[in-house]
Structure formats: C-alpha cells, structure tokens
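J.: Provided below for reference: sequence and predicted model.
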Amino acid sequence: MRPPAPEAGAPPFPEADLMYIVDLLSPAERDRYVSIRRFLQASVRQSSLEYWNREEFPFGLVAEMGKHGLGNLQLDGSSALFKGLMYVELARADVSLSALAGIHNELILGMISELGSEEQKAQWLPGLKTFRHLGAFALTEPDHGSDIAGGLGTSARLEDGEWVLNGAKRWIGAGTIADFALVWARDEADSEIKGFIVETDRPGYTATKISNKIGLRIMQNADIVLAGVRVPAANLLPGATSFSRANELLRDSRAWVGWQGAGIQLAAFDVARAYTLGRRQFGKELARFQLVQQQLAEILGNASASLALMAQLARIQQEGKLEMVQAAMAKSTITRLARTSVAMGRSLLGGNGICSDYEMGKLFGDAEVLYTYEGTYEINSLIVGRAVTGKSAFR
C-alpha cells in the first residue's frame, strides 16, 4: 500500500521551485508551461509506470504529447529557457519520454531542419512536429561509443546513383518503432562521416530491441544491422557531409541532458516528500525526523543548483555563446548530482524504495542511464579538463 496523503493538505512550495526559475519566463510562456506541466503530471506520470514495468512503448501518450506541442519545441520559436523547462517537466513525469522528446527535437527535427534538403524537410518535418512520424538517431556502434568520431565503422559507398550502407549500430533509441533512422556512416571515397535518412522498411535494415534494461525501459533501444542497405542519393543530408556540423547539434543535445538531470531530481524530491509526510514511524511522520529533513533539503538543494546552472546555460545558449565545455560541464555535474539525489530518495523510502510501484525504484534505474548516455560522466569531465588546462587527456 502506498502511504496515505498528508492530512494537512499540500505542503508549502508544492512545485519545489524555491529559486523561482519559472518566473524568468515571459507571461505567455509561463502560462503554457503551467498548462503542459498539469497535463504531464495528470496524464503521463502515473500512466507511464506500467509501460516502464513492461518495457512497452506508449503510443497513445506520445500522441497526446504531440497535441500539446512537445514534438515541435525545436522549431516553434520558444525560448531556450522554456524548451529546457519542458525537458525538466517531461523528466519529472517520465525520464524515458523526456529522452524521446529530447532526441526527437534536438537530433531528429533539428538535424533535418538545419542540415536537410528542402525535399527532406517537406517530406518529414510536418509529421515529426506532431509525433505522427518518429526518427531514430543512429550514431553509436557496438564497438564505438566515446570514440565514435574517430572509430566509426559503418560504411557508405556511392554506387549507380544510390548509397550502399553496411555496418551495425547499438543503443539506438526508437530504433524498432521509427519511420526512419538518421544513420551516420563513413564515405569510402573520402573517409568523411556523413548523415543519411534510411527508411526502416528498406531491405537489409533490421532492428532488434535491447531488453532487460534497468532504466529508460520505455525507450525502445535497439541493435541495428545495415546489410547492403541501398538508399537514393537524395537521402544524403546535404548539410551533413562532415561530422563537424553534426557535432554542433550534439553539443546542444548534451546540454539537454542537464535539464533531464534537474527534472529527475525534482521527481525524486516530489516522491520522497510525499512519502515521508504520509508514512508514520515511532508514532510520528517520517518528515518530522531531523535526518529525513536533512536529506530532503539536500535533494532539493542539488535540484535547485542544477536548475540555476541550466537557467544560466539557457541564457548563453539564447545568445549563441554555448560551447562544448559548458554543455559537458552541465551534463557531467548535474547527472552526478542526480545520481546522489535519487540515491538519497531511494534511502528515504527504505525497502519500498527498490519497488517501481513507489516510483523511486523507477527513478533510481533511470538516473543510472542519464549518468552514462550522451557522453559518459568521465568523458564529459575530460572535455572540461581539456578546456581549462589546454591539455588533452584523450591521446
């Protein structure tokens, strides 16, 4: 049984925004934020739990997210702060769906809009904006993750007006359900890494779901094999004929994980506060114990520091000043704090903290994924180290 709700009603600071970050939005964006937050808390947070348990994709929930404009955050003219706070609230409701929305906006919608041809934009953008179409970002490989820029092994060869792709990809989000994959392959002619739109129904494309994950269980990660897949020459993204352009957008997606890290900490605080207010031990609510209050304060302090860091990052991103060092610092720092915060939240729930029924077990698994994907904690730390010392530890 879940503990009963507090008798005194909602506690102070119900949304846990002690630093009033949401107040930095314009009035119109603030109203939209409140509306979408209510939808996510009412329709996504609880509904996502059974999908997470079953490792099943919630097509209906994603369609509803599309109706609220969450498939078009990248192109709808929203401020960087609003877009970031949407990722916070998505992660607060479900981290898997925040990952889907972030990859969709930052790496699929953004890539086609920035690097695609007019024909590619006309074909795919309308459906992507509403989640009617889904894309998969196929970069990571079985033998190459952190060293993907130098070690990428998937090949592309231009032959009789078509590109022939061979290779394998791993950990590709939505790889089993997407309409197409943005596949990164090395051109055999010039050794440059290029981007290709590969429709997932083409002969030679196979995707196998990766099961039994401890986190992001809703996200349908896949192993992909490309065995002589042929695509028209027009499927090459004209703006993605070298990896440098893609790296600019990868920088922004790395920063996006910082918003997720803030969101999962707020979720952990929400769950821990409600639990400790409702559960009684030794004749009083857990929330009256000093050690419990200390941990709640630390979780919220970590979350607030994370939000403040990301709000500043949004400002420099809005001004066009964002570089990889800031994105890497935000990602590594906030996911480290998230791992600590969720571990404290799990401890506050005692044995119930390991059950997804109480949500904290779900958050605990998802936090581990945030710590590793979009560049591991260690790799992002070394990017910062290189920037502040001028010395590379990668070679």
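T.: Ah, there it is.
J.: going forward, measure contacts between C-alpha atoms and count neighbours the same way
T.: Will do.
J.: Pull out the buried positions in the helix or strand bottoming out on mean pLDDT in the chain.
T.: Of all helical and strand segments in the chain, the minimum by mean pLDDT, DSSP states H and E falls on helix 148-151, at a mean of 75. Under the neighbour-count criterion of 16 or more other C-alpha atoms under 10 Å, helix 148-151 has Ala149 buried.
J.: For it, which outside residues touch it?
T.: Leu139, Thr140, Glu141, His144, Phe243 (C-alpha atoms under 8 Å, 6 or more residues apart in numbering).
J.: hey, what's the third one bridged with?
T.: Counting by DSSP bridges, Glu141 is bridged to His144.
J.: for Tyr205, same thing?
T.: Leu226.
J.: I'd like the contacts of helix 148-151 laid out as a markdown table, including distance to Pro203 and neighbour count.
T.: Shown next, in a markdown table, are these (distance: C-alpha to C-alpha, whole Å; neighbours: other C-alpha atoms under 10 Å):
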| residue | distance to Pro203 | neighbour count |
| --- | --- | --- |
| Leu139 | 20 | 22 |
| Thr140 | 21 | 23 |
| Glu141 | 20 | 23 |
| His144 | 25 | 16 |
| Phe243 | 26 | 17 |
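J.: between these, which is nearest Ile334?
T.: Thr140 (22.8 Å; C-alpha to C-alpha).
J.: give the contact list for that closest one.
T.: Counting by C-alpha under 8 Å, 6+ apart, the residues that Thr140 touches are Ile148, Lys169, Arg170, Trp171, Ile172.
J.: For the third one, give its distance to Arg54.
T.: Plainly put, Arg170 is 21 Å away from Arg54 if you go by C-alpha to C-alpha, to the nearest Å.
J.: Report how many residues lie close to Ala63.
T.: When neighbours are counted by other C-alpha atoms under 10 Å, Ala63 registers 15.
J.: Which pLDDT value belongs to it?
T.: For Ala63, the pLDDT comes out at 96.
J.: Next up, the contacts around the nearest residue to it once chain neighbours are set aside.
T.: Nearest residue to Ala63, sequence neighbours excluded (C-alpha to C-alpha, 6 or more residues apart in numbering): Phe131, at 6.3 Å. Residues near Phe131 by C-alpha under 8 Å, 6+ apart: Val62, Ala63, Met65, Gly66, Gly71.
J.: And Ile36, by the same measure?
T.: His68.
J.: Beyond the one helix or strand it maps to, next helix or strand please.
T.: Element membership for Ile36 (DSSP states H and E) is helix 27-39. Proceeding N to C from helix 27-39, the next assigned helix or strand is helix 47-54, under DSSP H and E.
J.: would you put the C-alpha positions of the very next helix or strand once past that following helix in CSV?
T.: Moving toward the C-terminus from helix 47-54, the next helix or strand (DSSP H and E) is helix 59-67. C-alpha atoms of helix 59-67 as CSV (Å, rounded to 0.1, in the frame of the first residue of the first chain):
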residue,chain,number,x,y,z
PHE,A,59,2.0,5.3,-28.5
GLY,A,60,-1.2,6.9,-27.1
LEU,A,61,0.7,9.0,-24.6
VAL,A,62,3.1,10.2,-27.2
ALA,A,63,0.2,11.2,-29.5
GLU,A,64,-1.2,13.3,-26.6
MET,A,65,2.2,14.9,-26.1
GLY,A,66,2.2,15.8,-29.8
LYS,A,67,-1.2,17.6,-29.3
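J.: what sits up against the helix or strand Ser96 falls within?
T.: For Ser96, the element it lies in under DSSP H and E is helix 95-102. Residues outside helix 95-102 that contact it (C-alpha under 8 Å, 6+ apart): 62, 70-71, 87-88, 90-91, 173-174, 216-219, 253, 256, 260, 264, 363, 366.
J.: Show me these that map onto helices.
T.: Val62, Tyr87, Val88, Leu90, Ala91, Ser253, Trp256, Gln260, Ile264, Leu363, Asp366 (DSSP state H).
J.: Dump those residues to TSV, plus neighbour count and distance to Leu165.
T.: Below are those laid out as TSV (neighbours: other C-alpha atoms under 10 Å; distance: C-alpha to C-alpha, whole Å):
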residue	neighbour count	distance to Leu165
Val62	20	31
Tyr87	28	34
Val88	28	37
Leu90	30	35
Ala91	29	35
Ser253	19	26
Trp256	26	30
Gln260	34	33
Ile264	30	38
Leu363	30	38
Asp366	23	33
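J.: Check which helices and strands the following helix or strand past the least confident helix or strand of the chain is in contact with.
T.: Note on helix 148-151: by DSSP H and E, the next helix or strand toward the C-terminus is strand 155-159. With contacts taken as 3 or more C-alpha pairs under 8 Å, 6 or more residues apart in numbering; DSSP states H and E, strand 155-159 sits against strand 162-172, strand 180-187.
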